[in-house]
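Student: Mind folding the following:
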Amino acid sequence: MRGLAKYVAVAMVVCSGAIFASRVNAAEILTLEEATDRALRIAPAVESAIAQGDLNDARVDEARAPLYPNIEANGEYNQAPGYDQTISNRGLTLAQLSLSYTAYDGGRRASQMRSMRYQAEAARLGIKAARAQIVFDVSVAYFDLVRQRQTEKEIAQSINRLDVYVRIVESLQRSGRAIANDVLKIRATRDSARLALAGIQLAGAHASIVLGSMIGEFGQRDLEPAQITTLPPPPNGEITESPVYRAASRQIDAAKLMVRAAEAERSPTLKVALTSGFEGIDPPKTFGHHLGASYDGAISVPIFEGGLIRAHIDQARATERNAVAQTRQVERDLKRDLADASEQYQSAAEQLALLAQSQSTADDSFALDWARFLGGGNVTLLEATDAYQQAENLRLMRFEQEFAARRATAQARLLLGLAE
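Tutor: A predicted model of the protein is given here:
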């Protein structure tokens, strides 16, 4: 009887492996790298972050423009017959090139331009943060699908093993070595496994749909992830390299420069202007005799503006304090989340080590109980099935802990901004 049971069990494992292999071959194997690349190519969040970066680059150009002279071409023709010529001069014909330039403003324009540069750098860091978030989301969805497929495969193999045990117990009943209750018990154990398989197949289809939506394949219920046999090591790094932290730091730098720009509004402003062209009353005489040029310089000093400059300075300082507070909060959150991810990874690694030790013990315990049951010892089938379910639960727990470790690593990579 033991030899027959061993032969049937081996045949069952071979058949289940062939069935699973045929299913894998029928579906395209999707690797994590492929899923990540496809998700990054179509993710709206990356496009939005890139657009925001382009917008801030344009704002830098806008802030830089006042640092250069402004050259314009001006033309005007006006006739005012009947008006008092003391006021209207009767008419105006004008065709000129004019150059205007702010020579000194206390550094306000330069501070505004440098502030926009820091904001543009923060926006570019936002692109990296968006990519890291997508990589994290895809990785977690991929690892979840791996877990579901591994669990589905294990439960299917368990059902095949239980089918063998059911046939063995039914044979023992026919020979009078087992009672009807034993048959009912082993059948109930197999039926419970079938129910669990139905549930895990639904969860696997959901995980496949979630991952498929991230890579542009909507409604895909049968995505097959590549097998993962090892756990990734937890990444090392400093939170100061995180794009989220660096972007927050750049916002502080930008806010400080806006304070300088607001304070510079108190400084005198020197503007110079040059013109060259034609200016007169009537067009023929203007373009024939009145070619000339002019230059002008003007200094303005703010004396009283109703508290406007003071309000600008207060707003800029409040923005700076807010940026500092947000950066401190970002630092605290990153440290907390990184420590939590490290603890989750360590806990999962320890659980996996314990499961590896416990699995061998549980398998040996079931094998002993099953052999004693077949040999007519003082072990009931209930005790044997309990031992079997305990061993099977340990196998399924291993998949859960592997997922926890991989998710913790993905979370740490997200916090550190590692998108590759």
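
Student: Is residue 143 in a helix, a strand, or coil?
Tutor: Taking DSSP: H, G, I helix; E, B strand; the rest coil as the rule, one finds residue 143 in the helix state.

Student: who's in contact with it?
Tutor: Counting by C-beta atoms under 8 Å, 6 or more residues apart in numbering, residue 143 touches 228, 403, 406, 407, 410. C-beta: built from backbone N, CA, C; applies to glycine.

Student: Filter those down to the buried ones, PyMOL style.
Tutor: The buried subset of the contacts of residue 143, as determined by 16 or more other C-beta atoms under 10 Å, is captured in PyMOL by this line:
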select buried, resi 228+403+406+407+410
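
Student: Dump the contacts of residue 143 to a markdown table, plus secondary structure.
Tutor: Supplementary listing: the contacts of residue 143 in a markdown table, determined by three-state DSSP:
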| residue | secondary structure |
| --- | --- |
| 228 | coil |
| 403 | helix |
| 406 | helix |
| 407 | helix |
| 410 | helix |
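
Student: In terms of distance to residue 112, which of the contacts of residue 143 ranks first?
Tutor: residue 410 (40.1 Å; C-beta to C-beta).

Student: pretty sure residue 162 is in contact with residue 188, am I right?
Tutor: No - between residue 162 and residue 188 there is no contact under C-beta atoms under 8 Å: 10.2 Å.

Student: Of these two, which one has the most company?
Tutor: residue 162 (22 against 11; other C-beta atoms under 10 Å).

Student: if I look at the more buried one, how far off is residue 174?
Tutor: Applying C-beta to C-beta, to the nearest Å, the value for residue 162 to residue 174 is 19 Å.

Student: ditto for residue 63
Tutor: 91 Å.

Student: Which of these two has more residues huddled nearby?
Tutor: Applying other C-beta under 10 Å to residue 63 and residue 174 shows that residue 63 carries more neighbours, namely 21 against 10.

Student: For the more buried one, pull up the helix or strand it's in.
Tutor: Here residue 63, judged by DSSP states H and E, is contained in helix 44-64.

Student: Could you identify the helix or strand that succeeds that helix?
Tutor: Per DSSP H and E, the first helix or strand lying C-terminal to helix 44-64 is strand 70-79.

Student: packing partners for the helix holding residue 63?
Tutor: helix 108-174 (3 or more C-beta pairs under 8 Å, 6 or more residues apart in numbering; DSSP states H and E).

Student: so the very next helix or strand once past the helix it packs on versus helix 108-174, what angle?
Tutor: Where DSSP H and E defines the elements, the next helix or strand beyond helix 108-174 is helix 180-214. With axes from the mean of the first three to the mean of the last three C-alpha atoms, to 10 degrees defining the directions, helix 180-214 sits at 160 degrees from helix 108-174.

Student: after helix 180-214, next one along is what?
Tutor: strand 224-225.

Student: for that following strand, packing partners?
Tutor: Applying 3+ C-beta pairs under 8 Å, 6+ apart, one finds that strand 224-225 contacts strand 29-30, helix 108-174.

Student: Of all residues in the chain, which one is nearest the centre?
Tutor: residue 133 (0.7 Å; C-alpha atoms, centre = their mean).

Student: Pull the contacting residues for that residue.
Tutor: For residue 133, the contacting residues are 45, 414, by C-beta under 8 Å, 6+ apart.

Student: one step back: what is the distance between the helix holding residue 63 and the centre of its chain?
Tutor: 19 Å (C-alpha atoms, centre = their mean, to the nearest Å).

Student: Then stretch 198-205?
Tutor: On C-alpha atoms, centre = their mean, the centre of stretch 198-205 falls 27 Å from that of its chain.

Student: Kindly report the same for stretch 76-96.
Tutor: The answer for stretch 76-96 is 65 Å, by C-alpha atoms, centre = their mean.

Student: could I get it in CSV with only the CA atoms?
Tutor: What follows is stretch 76-96, C-alpha atoms only, in CSV (Å, rounded to 0.1, in the frame of the first residue of the first chain):
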residue,chain,number,x,y,z
GLU,A,76,2.8,106.6,-35.0
TYR,A,77,0.9,109.0,-37.3
ASN,A,78,-1.5,111.5,-35.8
GLN,A,79,-3.2,114.6,-37.2
ALA,A,80,-5.4,116.9,-35.0
PRO,A,81,-6.7,119.8,-37.1
GLY,A,82,-8.8,122.3,-35.2
TYR,A,83,-7.3,121.6,-31.8
ASP,A,84,-5.2,124.2,-30.0
GLN,A,85,-1.8,123.7,-31.5
THR,A,86,-0.2,124.6,-28.2
ILE,A,87,-1.7,121.3,-26.9
SER,A,88,-1.8,119.1,-30.0
ASN,A,89,1.1,120.5,-32.0
ARG,A,90,-1.4,119.8,-34.9
GLY,A,91,0.1,116.4,-35.6
LEU,A,92,2.8,113.8,-35.1
THR,A,93,4.8,111.5,-37.4
LEU,A,94,7.0,109.0,-35.6
ALA,A,95,9.2,106.1,-36.6
GLN,A,96,11.8,105.1,-34.1
